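In: the following comprises the amino acid sequence and a computationally predicted model.
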Amino acid sequence: MNFNDYLLLRFEWIIALIILILLFAKLTDADSKVKTFLGFMNVLLALNFFTGFYPMHEGSLFIGFFKTSKLVVLEKNILNLGLLLISMTSYQWLLHTRNRIEFYILILSSILGIFTMLSASHILVLYLGLEMSTIPLAALANFNLSSKSSSEAGIKLILSSAFSTGMMLFGISLLYGAIGNLSFESIIDHLHPDPLTLLAFAFIISGFAFKMSVVPFHLWTADVYEGSPVPVTNYLSVISKGSVIFVFISVLYTIFGSLKEAWLLSISILAMLSMTMGNLFAIRQENIKRLLAFSSITQVGFVLVGIAGASKTGMSSAIYFVIIYMLSNIASFGVVGAIADATGKETLTTYRGLYKSNPFHALFFAISLFSLAGIPPTAGFFGKLFLFTSGIGNGMYILVAVAAVNLVLSLYNYLRVVKIMFIDETDEPLALMDKNLMLKIALIICVAGILLIGFIGLIYMYIDRLSFGM
């Protein structure tokens, strides 16, 4: 291996180095000066993000088990940006939380598994990366050791993950029995739509559906989101889910591309179920984290509409939408976390009259909700427009019609929160919250992205240039 080969692992080396630094920091109690430590971590994560813009050639390592491309680099850097923003929005929570170093070690270990999964060119490497990214999440969900609900969230996440892992591993074993080799190239060359292969495909896709919270594999989502600390919920809804969407698209369009006729119907049904059930269950929620949990299920349903386009436009529109969803959700959970830190409450009634007492937080929260709802001129509108265009391009008219109805239905869920913040009155308004520079910077970055990305055509064009069809 020469130096350029080592550079193919640039993202993995940097994350591993930061983890190593944190281990030494733990031995020396380097987090005793909390503000200095958190500032240093945000600087490291910012450097990690900006190094992603350094040119890197495409190639493979370890007998082809590890591959990278410009698209994979883009996906990793999108997740690096999300990781930095989540760290910044978690600043206030981390100030008053024990085991800060452990928090960062766990979250970085998870993203190291995600990067392994994104660069996998063999089913077993993909599976190992997926599990490496999931196991730390159970500890993160149970991070608040004094909270019973946090312990329940950790248990539910590990049990549901174990079940989904078993399904995926069983599907992989069936696929190996049908093909005799688990490298992506061998599967693509020898895959045929026989009963054993279709059964293997069903189990593998079910495993992915669990990770993405697709209906009917979503039952763990709301409870885990509600019980986990807000920064962990933010990571679960954005980084974990976004990474699985990236891999899911690649697996469908490459490995199982020859089974397109078989999976189009199933993907369409899953999309319609996710959009509809996510919206209907969100209507009755009074806890903001549970509402955003069902919102994330609905958003995945919209992503599946684009994926069902089974084209280059489908891939590019899904990746583009993940960026918009990431910025919108991080901003939303940033405000939710700030209010939870200030009040200890997560119910919708806590947000009554928020605009009068904390206009900055209310305004930025409203913009992020508008983006999730797909209201112009936010980027969420353009993201959903491209997803629907992909579905229509493949003749999925019924699916797009159902998506359009759900788009209208979702307006109620998001505008209900806006109404509570801007119109509803209360005798006990939330007091003015402390100044949090890190949170403000993160919210400004997210909202600037939400308002500008839709009008900067170069972003979508670049993603489209790197994407591929079937």
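Out: Received it, and whenever you're ready, just let me know what you need. Keep in mind the model is a prediction, meaning the values are calculated, not measured.
In: which helix or which strand is home to the nearest residue to Phe333 once chain neighbours are set aside?
Out: Once flanking residues are discounted, Phe333 sits nearest to Asn234: 3.9 Å by CB to CB, 6 or more residues apart in numbering. To be clear about C-beta, it is placed using only N, CA and C from the backbone, and glycine gets the same treatment. According to DSSP states H and E, Asn234 maps onto helix 230-235.
In: packing partners for the helix or strand just after that helix?
Out: Counting by DSSP H and E, the element after helix 230-235 in chain order, helix or strand, is helix 241-250. With contacts taken as 3 or more CB pairs under 8 Å, 6 or more residues apart in numbering; DSSP states H and E, helix 241-250 sits against helix 70-89, helix 100-118, helix 123-141, helix 195-212, helix 288-307, helix 312-343.
In: can you do 7 Å?
Out: helix 70-89, helix 100-118, helix 195-212, helix 288-307, helix 312-343 (3 or more CB pairs under 7 Å, 6 or more residues apart in numbering; DSSP states H and E).
In: what sits up against the first one?
Out: Read it as helix 70-89. Contacting residues not belonging to helix 70-89 are listed as 11, 41-42, 45-46, 48-49, 52, 56, 58, 111, 114-115, 118-119, 231, 234-235, 238-239, 242-243, 246, 322-323, 326, 330, 333-334, 337, 438-439, 441-442, 445-446, 466-467 [CB atoms under 7 Å, 6 or more residues apart in numbering].
In: which parts of it are buried?
Out: 71-89 (16 or more other CB atoms under 10 Å).
In: can I get the CA coordinates of stretch 352-361 in CSV?
Out: What follows is stretch 352-361, C-alpha atoms only, in CSV (Å, rounded to 0.1, in the frame of the first residue of the first chain):
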residue,chain,number,x,y,z
ARG,A,352,-47.2,27.9,24.2
GLY,A,353,-46.3,31.6,23.7
LEU,A,354,-42.7,30.7,22.8
TYR,A,355,-42.5,33.4,20.2
LYS,A,356,-43.3,36.2,22.8
SER,A,357,-40.6,35.0,25.3
ASN,A,358,-38.0,33.5,23.0
PRO,A,359,-38.6,34.8,19.4
PHE,A,360,-35.2,33.5,18.1
HIS,A,361,-35.9,29.9,19.0
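In: which residues are contacting it?
Out: So stretch 352-361 is contacted by 335, 338, 362, 420-422, 424-426, 429-433 (CB under 7 Å, 6+ apart).
In: give me that answer again for 8 Å
Out: When contacts are defined by CB atoms under 8 Å, 6 or more residues apart in numbering, stretch 352-361 is touched by residues 335, 338-339, 362-363, 365, 420-422, 424-426, 429-433, 440.
In: now that stretch: mean pLDDT?
Out: For stretch 352-361, mean pLDDT rounds to 86.
In: equivalent analysis for stretch 437-455, please.
Out: For stretch 437-455, the mean confidence score works out to 92.
In: tell me how far that stretch is from the chain's mean position?
Out: Mean C-alpha position of stretch 437-455 versus that of the full chain (CA atoms, centre = their mean, to the nearest Å) differs by 17 Å.
In: quick one, what contacts Leu182?
Out: By CB under 8 Å, 6+ apart, the neighbours of Leu182 are His122, Ile123, Leu124, Ile172, Leu175, Tyr176.
In: now, of the residues you listed, which are buried?
Out: Here, 16+ other CB under 10 Å leaves His122, Ile123, Ile172, Leu175 buried among these.
In: on that earlier part again, for the contacts of Leu182, give me a markdown table that also has distance to Ser164.
Out: A markdown table is the format used below for the contacts of Leu182 (distance: CB to CB, whole Å):
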| residue | distance to Ser164 |
| --- | --- |
| His122 | 20 |
| Ile123 | 16 |
| Leu124 | 17 |
| Ile172 | 13 |
| Leu175 | 16 |
| Tyr176 | 19 |
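In: need these in a markdown table (columns: pLDDT).
Out: What follows is those, written out as a markdown table (pLDDT from 0 to 100):
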| residue | pLDDT |
| --- | --- |
| His122 | 87 |
| Ile123 | 89 |
| Leu124 | 88 |
| Ile172 | 91 |
| Leu175 | 89 |
| Tyr176 | 88 |
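In: now, which of those sits nearest Glu261?
Out: Set against Glu261, the nearest of the contacts of Leu182 by CB to CB is Leu175 (18.4 Å).
In: right, and the closest one touches Ile204 too?
Out: Yes: Leu175 is in contact with Ile204 according to CB atoms under 8 Å; the separation is 7.0 Å.
In: just checking, Ala379 touches Met326?
Out: No: using CB under 8 Å, Ala379 is not in contact with Met326, being 10.8 Å away.
In: the more surrounded of those two?
Out: Set side by side, Ala379 and Met326 show more neighbours around Ala379, with 26 against 23, by other CB atoms under 10 Å.
In: any idea how far Ile323 is from the more buried one?
Out: 8 Å (CB to CB, to the nearest Å).
In: and for those two, which residues touch both?
Out: Gly449, Ile453.
In: ok, residues contacting the helix or strand hosting Val224?
Out: For Val224, the enclosing helix or strand under DSSP H and E is helix 221-227. Helix 221-227 is contacted by residues 141, 147, 149-154, 156-157, 160, 213, 233, 236-237, 281, 285, 287, 289-290, 292-294, 296-297, 346 when judged by CB under 8 Å, 6+ apart.
In: distance of Met88 from Leu443?
Out: 9 Å.
In: mutual contacts of those two, please.
Out: With CB under 8 Å, 6+ apart, Met88 and Leu443 have no common neighbours.
In: put the alpha carbons of stretch 284-293 into PDB.
Out: C-alpha atoms of stretch 284-293 as PDB (Å, rounded to 0.1, in the frame of the first residue of the first chain):
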ATOM      1  CA  ARG A 284     -52.500  12.300  18.500                       C
ATOM      2  CA  GLN A 285     -49.000  13.000  19.900                       C
ATOM      3  CA  GLU A 286     -48.600  15.500  22.800                       C
ATOM      4  CA  ASN A 287     -44.900  14.900  23.300                       C
ATOM      5  CA  ILE A 288     -42.700  16.800  20.800                       C
ATOM      6  CA  LYS A 289     -40.100  14.100  20.500                       C
ATOM      7  CA  ARG A 290     -42.700  11.500  19.700                       C
ATOM      8  CA  LEU A 291     -44.300  13.800  17.200                       C
ATOM      9  CA  LEU A 292     -40.900  14.300  15.500                       C
ATOM     10  CA  ALA A 293     -40.400  10.500  15.600                       C
END
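In: show me which residues of that stretch are buried.
Out: Gln285, Ile288, Lys289, Arg290, Leu291, Leu292, Ala293.
In: surely the last one meets Asn234?
Out: No: at 11.6 Å, Ala293 and Asn234 do not qualify as touching, with contact defined as CB under 8 Å.
In: which regions of the stretch 1-150 of the chain lie under the pLDDT threshold?
Out: For the stretch 1-150 of the chain, the stretches with pLDDT under 70 are 1-5.
In: surely Ser60 is within a helix?
Out: No: the assignment for Ser60, made by DSSP: H, G, I helix; E, B strand; the rest coil, is strand rather than a helix.
In: ok, now how distant is it from Glu185?
Out: From Ser60 to Glu185 the distance is 11 Å (CB to CB).
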